[in-house]
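Chemist: The sequence and its predicted three-dimensional model are supplied below.
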Amino acid sequence: MTISVRGANKRYGDFAALDNVSLEIPDGSLTALLGPSGSGKSTLLRSIAGLDELDSGVITISGDDVTGLSPQKRDIGFVFQHYAAFKHMTVRDNVAFGLKIRKRPKSEITARVDELLEVVGLTGFQTRYPAQLSGGQRQRMALARALAVDPQVLLLDEPFGALDAKVREDLRRWLRRLHDEVNVTTVLVTHDQAEALDIADRIAVLNRGRLEQVGSPDDLYERPANEFVMSFLGSVSRLNGALVRPHDIRLGRTPDLALETADPASAQAGVLKARVDRVVRLGFEVRVELTASSSGESFIAQITRGDAEALGLREGDEIFARVTHVPETGLISV
Ligand SMILES: Nc1ncnc2c1ncn2[C@@H]1O[C@H](COP(=O)(O)OP(=O)(O)OP(=O)(O)O)[C@@H](O)[C@H]1O
């Protein structure tokens, strides 16, 4: 079901939580709403759900205007970060809840709940209570509950926010696979760019209530609309009039650093002399913090451990750096 938001505005007093936001969410997509804290992600999601009322603007689902409809009439499954499970109910009863209030036949409920528990990997947990589950298992139960009533749309507000990094990563991979199986149009709120790049097929970047850019992860990475989008997707340094990512810098002991790509931006940045301020090992990679000798600009390069060892980098060393790639929009006036 395609979701369309047109001209959405929402103010709290003088403050614009949503400032003329228009966005198409394609049928069957997994779209991430990405932005810093307070950028309006949850407000947009809650407006799609019907939990917040817009001051102006129109929301349609599959062409039908749902702007004035209550959440119950929108046919939406919703999962929040701090999921409120019914503590006194078993996993089975939690998942069956929506079907029971819709008065579906018992046999249908049992079959559907079993099927969903299998999908979310909780077969065998039917008779447990929420307190007897891990955080990740509880979130999967929440997803099964949201999916039980066959919603047209699944809305997830930081569903893995409270979990530790490893579980988060496992769950998002799992969610991606689940989405590919059930194909329900899904909108996920996150402030974590790695999470958005990892699982979404479309990302909408919000900043101060405005939509900065919407596109595929590749679009955003290769053709960021502006400096905000580029720096929100990962760390960026300003160097010789360009915005440069740490992986797009090559380091060497001599200035004859070959340039493989011919994009004009990287040519403009050229080869420069720099001082090594710090060398930080990050697992398989090494982050090198540098200062350009001529301009005094600080920048960061991220290189492999092998390259770092071959170069024998030490703090205080004078070395050479070459920018190998700058996205089209990464050129700035100095
Ligand atoms: N009920 C409210 N009353 C007043 N201001 C509100 C209300 N709800 C949200 N806001 C404000 O609107 C802005 C957008 O909030 P929203 O929750 O949409 O942001 P968010 O991008 O989801 O942030 P976070 O990642 O921190 O949850 C924030 O500055 C918030 O303080």
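Modeler: That came through, no problem.
Chemist: Tell me how far residue 89 lies from residue 96.
Modeler: Going from residue 89 to residue 96 by C-beta to C-beta, to the nearest Å gives 9 Å. In this view, the C-beta of every residue, glycine as well, is placed from N, C-alpha and C.
Chemist: These two: which has the busier surroundings?
Modeler: The neighbour count for residue 89 versus residue 96, taken as other C-beta atoms under 10 Å, is higher for residue 96 (23 against 14).
Chemist: In three-state terms, label that one for me.
Modeler: helix (DSSP: H, G, I helix; E, B strand; the rest coil).
Chemist: likewise residue 320?
Modeler: strand.
Chemist: What is the burial count for it?
Modeler: A total of 17 residues lie near residue 320 under the criterion other C-beta under 10 Å.
Chemist: and it, what are its bridge partners?
Modeler: residue 252, residue 273 (DSSP bridges).
Chemist: got a pLDDT number for residue 27?
Modeler: The score at residue 27 is 96. That number is its pLDDT.
Chemist: Run a quick check on residue 95 versus residue 143, I expect a contact.
Modeler: No: Residue 95 sits out of contact with residue 143 when judged by C-beta atoms under 8 Å, with a separation of 9.6 Å.
Chemist: Contact partners for the residue of the stretch 101-250 of the chain found nearest the ligand?
Modeler: With C-beta to the nearest ligand atom as the measure, the residue in the stretch 101-250 of the chain that lies nearest the ligand is residue 191; the distance is 4.8 Å. Going by C-beta atoms under 8 Å, 6 or more residues apart in numbering, residue 191 touches 34, 35, 36, 37, 41, 158.
Chemist: which of the residues you listed are buried?
Modeler: Of the members of the contacts of residue 191, the ones counted as buried by neighbours, 16 or more other C-beta atoms under 10 Å, are 34, 35, 41, 158.
Chemist: any chance of these in JSON lines, plus pLDDT, secondary structure and distance to the ligand?
Modeler: Formatted as JSON lines, the entries for the buried ones among the contacts of residue 191 read as follows, by pLDDT from 0 to 100; DSSP: H, G, I helix; E, B strand; the rest coil; distance: C-beta to the nearest ligand atom, whole Å:
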{"residue": "34", "pLDDT": "97", "secondary structure": "strand", "distance to the ligand": "9"}
{"residue": "35", "pLDDT": "96", "secondary structure": "coil", "distance to the ligand": "5"}
{"residue": "41", "pLDDT": "96", "secondary structure": "helix", "distance to the ligand": "4"}
{"residue": "158", "pLDDT": "89", "secondary structure": "coil", "distance to the ligand": "7"}
